[in-house]
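[1] Dropping a prediction and its sequence here:
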Amino acid sequence: MKTINIFGSTGSIGKNTLDVIRKNKKDFKVLGLCTHSNVGALCAQIKEFSPSYVCVVNEESAGKIKHLNKKIKLFKGEIGLREFSSINCDTSLMAISGISALKPLMINIEHAKKIALANKESIVTAGDFVLDKAKRFKTKILPVDSEINALFQLSASQNNFSKVYLTASGGALFDYKPKDLSRVCVKTVLSHPTWRMGRRITIDSATLVNKGFEVVESHQFFNLPYENIGIVIHRESNVHALVEFKDKTLFACMYPPDMRIPISFALSYPKRIDALQTLNFKGKLSLTFEPLRVRQFPLLDIVLNGAKRGGNSLTVLNGCDEVAIEYFLGNKIKFTDIYKAMNYMFSHYKQAKLKTLDDVFYWDTWAKEKTKEYLRTL
Ligand code: NDP
Ligand code: MG
């Protein structure tokens, strides 16, 4: 029986993780649950899973929790999050969204034996710091993101591949003409054709910023040169990644678009547990692949160029993207203004090295302020 701490338990990945645990109670026990402010959902989770520790980062929301069983310790606010991150456990599932995951993750590396890492922004903005620290503390970090998890599954049997392909569904706007994009509303962009995910990642899937981030994750986790990481459009999302061996044989990792499968693998590794659903061949199953037209996705191009520039580039782009998406979700800007903000940022920041983790937070704050300033001019 492994003890599990879930960071971001009320989000899309958090809920999927609890469903995996619900169906594998003899393998996993929830030790801690952490959320930002959704105490309604959190209270229902506490009732069902009886954790020993609970953390609510928004202090006002924490105040709304009433009649908590005395055996449960409640942590509140940013200080509480630091304490919650210091609890020893077998496995942590890190599914806080955005760069807010970075500080708790860095602390948690010292206290969890294994971290199932869904959050990708921590790897995009500070991958070297995260992975170096994990190495020093001998903490295993397993990627949950389905494409990177697929690479991990493929590498578990044979790891001498030279090239990999990540698949991309193309997101909600794949069939839209560029001239129609300025008119798309929030609801349209959030209607992902194959995955049900949190709001930011769904918007990032429409611009393919998300795929750019996954290229960075693949580079960081597998030490692959950027030119050996390809992207292929695969609308059905049944194949998550492919690896190519020296003799040009391709191996693909397939399962339905259901995050509970990579989550199960990350939690149970090196064992495997029963899957919740599978691709069966009772009906017709078509798999289509087509080349990616990079010109259709200018933000993917920016992220990939940022990755090649290195230093603070990705931290700055992530900060800009986070703010622009927040404004779009709040109906303050048009969808195409996200493109404008990222273009503006990419041509107006000063390239710098990231020497310490503080530099990451400095450039994140700088980019967010600069983006807000720019968006006010539109
Ligand atoms: P959601 O927005 O659905 O959930 C985010 C979770 O994090 C919520 O529980 C939220 O709490 C909590 N949270 C947000 N900010 C903070 C904070 N500052 N401190 C503590 N908790 C916080 O996101 P997803 O589940 O979709 O994604 C989570 C991460 O996993 C992202 O980095 C995403 O890129 C990555 N990922 C997600 C996939 C998916 O299928 N959803 C696939 C691959 C990667 P509250 O509910 O109170 O707001
Ligand atoms: Mg993914």
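    Right, received. Where do you want to start? Ligands and ions are numbered 1, 2, ... in the order given.

[2] helices and strands of this structure: which one has the lowest mean pLDDT?
    helix 146-157 (a mean of 93; mean pLDDT, DSSP states H and E).

[3] starting at the chain centroid, how far to the helix or strand following that one?
    Counting by DSSP states H and E, the element after helix 146-157 in chain order, helix or strand, is strand 163-168. The chain centroid and the centroid of strand 163-168 are separated by 17 Å under C-alpha atoms, centre = their mean, to the nearest Å.

[4] just stretch 68-88 next, same as before
    For stretch 68-88, the distance to the chain centre is 24 Å (C-alpha atoms, centre = their mean).

[5] Looking at the stretch 101-250 of the chain, which residue is nearest ligand 2?
    Asp145 (4.3 Å; C-beta to the ion). All C-beta atoms are positioned from the backbone trio N, CA, C, and that covers glycine.

[6] Any buried residues in the least confident helix or strand of the chain, and which?
    Residues Ser146, Glu147, Ile148, Asn149, Ala150, Leu151, Phe152, Gln153, Leu154, Ser155 are the ones in helix 146-157 that count as buried (16 or more other C-beta atoms under 10 Å).

[7] follow-up on the earlier one: so what's the residue of the stretch 101-250 of the chain closest to ligand 2 closest to, chain neighbours aside?
    Nearest non-adjacent residue to Asp145, counting by C-beta to C-beta, 6 or more residues apart in numbering: Lys120, 5.6 Å away.

[8] that older thread, ok, of the buried residues of helix 146-157, which one's closest to Thr249?
    Leu154 (11.7 Å; C-beta to C-beta).

[9] Would you check that the closest one makes contact with His240?
    No: using C-beta atoms under 8 Å, Leu154 is not in contact with His240; the gap is 9.5 Å.

[10] Overlap in contacts, the two.
    Cys253 (C-beta atoms under 8 Å, 6 or more residues apart in numbering).

[11] What's the local residue count around the residue in the stretch 1-150 of the chain that ligand 1 sits nearest to?
    At 1.9 Å from ligand 1, Gly11 is the closest residue in the stretch 1-150 of the chain, using C-beta to the nearest ligand atom. Neighbour count for Gly11, taken as other C-beta atoms under 10 Å: 23.

[12] Retrieve the pLDDT associated with it.
    We note a pLDDT of 98 for Gly11 in this prediction.

[13] repeat for Leu304
    So, for Leu304, pLDDT stands at 97.

[14] what's the neighbour count on the residue nearest to it when sequence neighbours are not counted?
    Excluding the flanking residues, the one nearest Leu304 by C-beta to C-beta, 6+ apart is Gly212, at 5.5 Å. Per other C-beta under 10 Å, the neighbour tally for Gly212 reads 26.

[15] packing partners for the helix or strand hosting Gly212?
    Secondary structure from DSSP H and E places Gly212 in helix 209-222. Using 3 or more C-beta pairs under 8 Å, 6 or more residues apart in numbering; DSSP states H and E, the elements in contact with helix 209-222 are helix 121-136, helix 146-157, strand 163-168, helix 199-207, strand 229-233, helix 298-309, helix 313-329.

[16] tell me the average confidence for that helix?
    Per-residue scores along helix 209-222 average to 98.

[17] Stretch 368-375: how far from the chain's middle?
    Offset of stretch 368-375 from its chain centre (C-alpha atoms, centre = their mean): 24 Å.

[18] And stretch 295-309, by the same measure?
    Its chain's C-alpha centre and that of stretch 295-309 lie 18 Å apart, by C-alpha atoms, centre = their mean.

[19] Can we start the residue count at 32 from this point?
    Right, with 32 as the first residue, what we last looked at is stretch 326-340.

[20] Identify all contacting residues around that stretch.
    Counting by C-beta under 8 Å, 6+ apart, 209, 238-240, 242-244, 246-247, 250, 257, 262, 325, 344-345, 347-348, 352, 369-370, 373-374, 377, 382 sit against stretch 326-340.

[21] Go through that stretch and flag the buried ones.
    Gln327, Phe328, Leu330, Leu331, Ile333, Val334, Leu335, Gly337, Ala338.

[22] got TSV for those, with distance to Ser81 too?
    Converted to TSV, the buried residues of stretch 326-340 look like this (distance: C-beta to C-beta, whole Å):
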residue	distance to Ser81
Gln327	49
Phe328	45
Leu330	43
Leu331	44
Ile333	46
Val334	42
Leu335	45
Gly337	44
Ala338	43
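
[23] near ligand 1 too, which of the residues you listed?
    When C-beta under 6 Å from any ligand atom is applied, no member of the buried residues of stretch 326-340 is adjacent to ligand 1.

[24] The lengthiest strand in the chain close to ligand 1?
    Assignment by DSSP state E gives strand 59-66 as the longest strand of the chain. Yes: counting by C-beta under 6 Å from any ligand atom, contacts between strand 59-66 and ligand 1 involve Cys65, Thr66.
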